[in-house]
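1. Okay, structure incoming, though there's no sequence with it:
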């Protein structure tokens, strides 16, 4: 049985982040089995345009929102709407 790719694992983890919650890129990488791959998680998120995957819920370890392929202000807006940001 083939193993899931890193990308598949990341997307599955991010899909499971509930509304109103966030995970850091580092936490997602760790949960995907590659604790040093936070930047790779960012690359996966950058190329994701599937609306069923809430990539806006992945933030930087310092608590800032970080980048978003639909614009940083849109990411902030979505997180505020979901009550994940004050």
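-> Arrived safely. This is a predicted model, so every value here is computed, not measured. Numbering: from 1, shown residues only.
2. residues touching the residue nearest the centre of the chain, list them.
-> Nearest residue to the geometric centre of the chain (CA atoms, centre = their mean): residue 58, 3.1 Å. When contacts are counted by CB atoms under 8 Å, 6 or more residues apart in numbering, residue 58 touches 14, 17, 22, 23, 24, 25, 28, 41, 45, 66. Backbone N, C-alpha and C define where each C-beta goes, glycine included.
3. Just the buried ones from these, in PyMOL syntax?
-> To isolate the buried ones among the contacts of residue 58 in PyMOL, judged by 16 or more other CB atoms under 10 Å, type:
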select buried, resi 14+17+22+23+24+25+28+41+45+66
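4. out of the contacts of residue 58, which are inside strands?
-> Per DSSP state E, strands hold the following members of these: 23, 24.
5. out of the contacts of residue 58, which one sits closest to residue 34?
-> Among those, residue 41 lies closest to residue 34 (CB to CB), at 8.5 Å.
6. Who does the residue nearest to the centre of the chain form a beta bridge with?
-> residue 23 (DSSP bridges).
7. and the gap between it and residue 45?
-> 6 Å (CB to CB, to the nearest Å).
8. what about the helices in the protein?
-> 6-15, 25-31, 38-46, 72-81 (DSSP state H).
9. Buried by neighbour count: which residues of stretch 32-49 qualify?
-> Quick answer for stretch 32-49 (16+ other CB under 10 Å): 32, 37, 38, 40, 41, 42, 44, 45, 48.
10. now stretch 53-72
-> Neighbour-count burial for stretch 53-72 [16+ other CB under 10 Å]: 53, 54, 55, 56, 57, 58, 59, 65, 66, 68.
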